[in-house]
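Student: Need coordinates for the below:
(chains A and B)
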Amino acid sequence: MAQKKWSRNVALVGAGMSKFGAFPNKTSRDLFVEAFLDLKNYVEKGFDPQKIEAFYLGNFSSDQFEKQAHLAPILASWIGISPIPTLRVEDACASSGVALRQAALAIAAGEYDVVLVGGVEKMTDLHIAEVTEVLATAADTQFEIPAGFTFPGFYAAMATAYMAQYDAPKEAFYYVSIKNHNNGALNDKAQYNQTIRQIMESKKERAAMKGRPVPGWESEMDFLSDPKGNPNIAWPMALFDCSPVSDGAAVALLVAEELAKEFTDEPLYLIGSGQASDGALSDRTTLASIPAAELAAKKAYHMAGLTPVDIDLAEVHDCFTIAEIMATEDLGFFPHGEGWKAVMQGRTARNGECPINTSGGLKAKGHPVGASGVGQVVEIWKQLQGIAGDRQVAGEPRVGLTHNVGGSGQTCVVNIFERRD
Amino acid sequence: MSKYSMNSKDFYKALNDGKLIGSRCKLCNAYAIPQKLICPTCHQQESEIIDFSGEGKLVAYTVISVPPVMMAEAGYDAKNPYCVGIVELEEGPRIAAQILEVDISTPENIKIGTPLRMTTIIRGEAEKKANYLAFRPA
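Tutor: This next block holds a predicted model:
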């Protein structure tokens, strides 16, 4: 791979997010203001918003979700940073991961010194069937959707290919869900800050209160393997294999490396970034991995001069449980076919050798699609700053990676951040 | 010379005639489905439209209980789920399609590698009525 060097380096000096969840009384702009105010808390030395020179927004489809296109200038005016240049980046669920990379490239090119990157999605105004229709427009609507595919369906199909190729049991997926809910339970910004066990117990309590037969679930595995607790969505993906429909926003402040210390004594540095694309799911020769993710990771590692063993923790795109297992392999943390064993052995738990999705991931934290990429960066920011509270990874992590996927793997962007002492 | 063009909509025109069309590159012999003017392998534009045999095998699948609007309108729901999959065609390329006549009550018993043959399925009513690609066990 030819080494192309950025003209100058880029630092992350703060990141913040709104709470993720379902907020019937809020629109995109309200969520975005909430995220921007949260960011201000995390920029150690404070900053003057008038110094922001450009705004890059990741947003999948406010035009379909809220009937509001052309969102970037509206959000800019709502936080008082007009008349700077603004733009919206659309790469489905990878929109804000790609927006961050584009913002970094603009700084590296020398055009700007201080850039705000955001992501937002307001999905819950629509009925679930309409949400499914909107998300389907991220796939090939001429040849994939007419077959009857849905997004859970694409990942479910990959799951069947994975299970057949590597003899993986369906139960492996439950471990991803349990782990991510365990992490989400410690994240007050998460849509589901409850463990699977807590969700199970509250369903039992509700049945008892309503005088219905109380399900006999004793363990999370009982609950998850019972279609009454965990109904099929697209076999083998059941309800608790799927990330939720969410509202939320996230923002990050990127600056040229030489300015970083004006904002904080402990900036993070964007040391690796890679992106790749692919055709329809049916165009791929493998369905048990996501080739664009492998390629994006390879580029990011190459730029950073690192290998997978150098990564202390990662936020990966677990839109479905199978996606997290494939991600841990595509990123090189485990060999192909070994990721399902790793999660079952607890190796990707918060206290494991390779902590994955300490935020709760998209599964528990929520998946407001356009916000998810920068949402991942918020967690890496907190973990590398040592301010992740009860879910803080031990050992003072120094290098964190984000892996953000659009569609069923048509876009993938990987960014690597480093703390320097 | 085929009666169908490289325009992507002609794939469905052919399907309405009961034909599964794709393209073959006259330079490198690579196949593509749907038909593509630019060869995905050698990137030249010397491709011709050909009829695919319609024979293939299942490489990935799912049984969907929560359908999108189009499938819900066709009568599918949690009580009446359907199977959709990726089919690897005899000529090499793969395509997404509904899979008929497999036992959706036990999805774990549907076998990857099952030989399949192309058919079509009509969905929608009145002006929305159209032929869609489907496969059934050969």
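Student: got the contact list for A:G409?
Tutor: A:D278, A:L281, A:R284, A:I290, A:P291, A:A292, A:A293 (C-beta atoms under 8 Å, 6 or more residues apart in numbering or on different chains). C-beta coordinates here come from the backbone N, C-alpha and C atoms, glycine included.
Student: swap in A:G386?
Tutor: Taking C-beta under 8 Å, 6+ apart as the test, what A:G386 contacts is A:Q392, A:E396.
Student: before we move on, the earlier item: now, the contacts of A:G409 that are in strands?
Tutor: Using DSSP state E, no member of the contacts of A:G409 falls within strands.
Student: Widest-spaced pair of these?
Tutor: For the contacts of A:G409, the maximum inter-member distance is 13.5 Å, found between A:L281 and A:A293 (C-beta to C-beta).
Student: Output the set of residues of chain B in proximity to chain A.
Tutor: B:8-9, B:11, B:34, B:40, B:59-72, B:76, B:78, B:81-82, B:84-86, B:93-98, B:107-108, B:112, B:132-133 (C-beta under 8 Å from any C-beta of the partner chain).
Student: Now restrict those to buried residues only.
Tutor: B:11, B:34, B:59-68, B:70-71, B:76, B:81-82, B:84-86, B:93-98, B:107, B:112, B:132-133 (16 or more other C-beta atoms under 10 Å in any protein chain shown).
Student: Confirm B:Y61 sits in a strand?
Tutor: Yes. Looking at B:Y61 with DSSP: H, G, I helix; E, B strand; the rest coil, it is inside a strand.
Student: so the residue sitting furthest away from the middle of chain B is in which element?
Tutor: Distance from the centre of chain B peaks at B:L27, with 25.3 Å (C-alpha atoms, centre = their mean). With elements delineated by DSSP states H and E, B:L27 resides in a region that no helix or strand encompasses.
Student: Can you tell me which of the buried ones among the residues of chain B next to chain A end up in helices?
Tutor: Of these, the ones assigned to helices by DSSP state H are B:F11, B:M70, B:M71.
Student: my guess is B:I49 contacts B:F11, does it?
Tutor: No. If you go by C-beta atoms under 8 Å, B:I49 and B:F11 don't touch, sitting 9.8 Å apart.
Student: intersection of neighbour lists for these two?
Tutor: Counting by C-beta under 8 Å, 6+ apart, the contacts common to B:I49 and B:F11 are B:Y4, B:I21, B:Q35.
Student: which of the ones in helices among the buried ones among the residues of chain B next to chain A lies closest to chain A?
Tutor: Among those, B:M71 lies closest to chain A (C-beta to the nearest C-beta), at 5.2 Å.
Student: so where does B:T120 fall, helix or strand?
Tutor: Taking DSSP H and E as the definition, B:T120 sits inside strand B:115-123.
Student: Check the offset of that strand from the chain's centre.
Tutor: Between the centre of strand B:115-123 and the centre of its chain there are 8 Å (C-alpha atoms, centre = their mean, to the nearest Å).
Student: returning to what we had before: tell me the one of the contacts of A:G409 nearest chain B?
Tutor: Distances from chain B to the contacts of A:G409, taken by C-beta to the nearest C-beta, are shortest for A:L281, at 6.5 Å.
Student: Quick check: phi and psi on the closest residue to the closest one other than its chain neighbours?
Tutor: Spatial nearest neighbour of A:L281, chain neighbours left out: A:S408 (4.9 Å); criterion: C-beta to C-beta, 6 or more residues apart in numbering or on different chains. Torsion angles at A:S408 (phi, psi; degrees, to the nearest 10) stand at phi -100, psi 30.
Student: contacting residues around A:M221?
Tutor: By C-beta under 8 Å, 6+ apart, the residues touching A:M221 are A:E171, A:Y174.
Student: Doesn't it lie inside a helix?
Tutor: Yes. Judged by three-state DSSP, A:M221 forms part of a helix.
Student: measure stretch A:178-194 end to end?
Tutor: By C-alpha to C-alpha, to the nearest Å, the extent of stretch A:178-194 from end to end equals 10 Å.
Student: Actually, stretch A:74-87.
Tutor: Length of stretch A:74-87, first residue to last, C-alpha to C-alpha: 10 Å.
Student: which parts of that stretch are buried?
Tutor: By neighbour count with 16+ other C-beta under 10 Å, stretch A:74-87 contains the buried residues A:I74, A:L75, A:A76, A:W78, A:I79, A:I81, A:I84, A:T86.
Student: Which pLDDT value goes with A:D30?
Tutor: With respect to pLDDT, A:D30 has a value of 98.
Student: What parts of chain A come near chain B?
Tutor: Chain A has residues A:128-130, A:132-133, A:136, A:142-150, A:152-153, A:156-161, A:164, A:170, A:231-237, A:279-284, A:287 near chain B, with proximity defined as C-beta under 8 Å from any C-beta.
Student: Buried ones only from the residues you listed, please, as a ChimeraX command.
Tutor: To isolate the buried members of the residues of chain A next to chain B in ChimeraX, using 16+ other C-beta under 10 Å:
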select /A:132,133,136,143,144,145,146,147,148,149,150,152,153,156,157,158,159,160,161,164,170,232,233,234,235,236,237,280,281,282,283,284,287
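Student: Narrow the residues of chain A next to chain B to those in helices?
Tutor: If you go by DSSP H, these have A:128-130, A:132-133, A:136, A:152-153, A:156-161, A:164 in helices.
Student: what's the most distant pair in those?
Tutor: Farthest-apart pair in these is A:E130 and A:A164; separation 33.7 Å (C-beta to C-beta).
Student: so where is chain B shaky, pLDDT-wise?
Tutor: The model of chain B has no residue with pLDDT under 70.
Student: quick one: what helix or strand has the spatially most central residue of chain A in it?
Tutor: Nearest residue to the geometric centre of chain A (C-alpha atoms, centre = their mean): A:S372, 4.0 Å. Assessed by DSSP H and E, A:S372 sits inside helix A:372-385.
Student: Could you point out the helix or strand that follows that helix?
Tutor: According to DSSP H and E, the helix or strand after helix A:372-385 is strand A:399-406.
Student: For the stretch 101-250 of chain A, which segments are assigned as strands?
Tutor: A:114-122, A:232-235, A:237-238, A:247-256 (DSSP state E, counting those that start in this stretch).
Student: Let me fix that, I meant to ask about chain B.
Tutor: Under DSSP E, chain B gives strands at B:21-25, B:31-32, B:47-51, B:55-64, B:82-89, B:94-99, B:115-123, B:130-137.
Student: and the ones you listed as a markdown table, adding distance to A:K341?
Tutor: Listed next are the strands of chain B as a markdown table, based on distance: least, C-beta to C-beta, whole Å:
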| stretch | distance to A:K341 |
| --- | --- |
| strand B:21-25 | 39 |
| strand B:31-32 | 37 |
| strand B:47-51 | 44 |
| strand B:55-64 | 21 |
| strand B:82-89 | 25 |
| strand B:94-99 | 28 |
| strand B:115-123 | 32 |
| strand B:130-137 | 33 |
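Student: Quick one: residues in contact with the lowest-mean-pLDDT helix or strand in chain A.
Tutor: Counting by mean pLDDT, DSSP states H and E, the weakest-scoring helix or strand in chain A turns out to be helix A:128-136, with a mean of 91. Contacts to helix A:128-136, defined as C-beta under 8 Å, 6+ apart, come from residues A:61, A:64-65, A:123-124, A:126, A:145, A:149-151, A:245, A:369, B:66, B:68-69, B:72.
Student: out of the contacts of A:G409, which are buried?
Tutor: Buried, going by 16+ other C-beta under 10 Å: A:D278, A:L281, A:R284, A:I290, A:P291, A:A292, A:A293, out of the contacts of A:G409.
Student: Let me see the backbone angles for the first one.
Tutor: Read that as A:D278. phi -160, psi 170.
Student: next one: the one 10 residues further on
Tutor: According to degrees, to the nearest 10, the main-chain angles of A:A288 amount to phi -100, psi 10.
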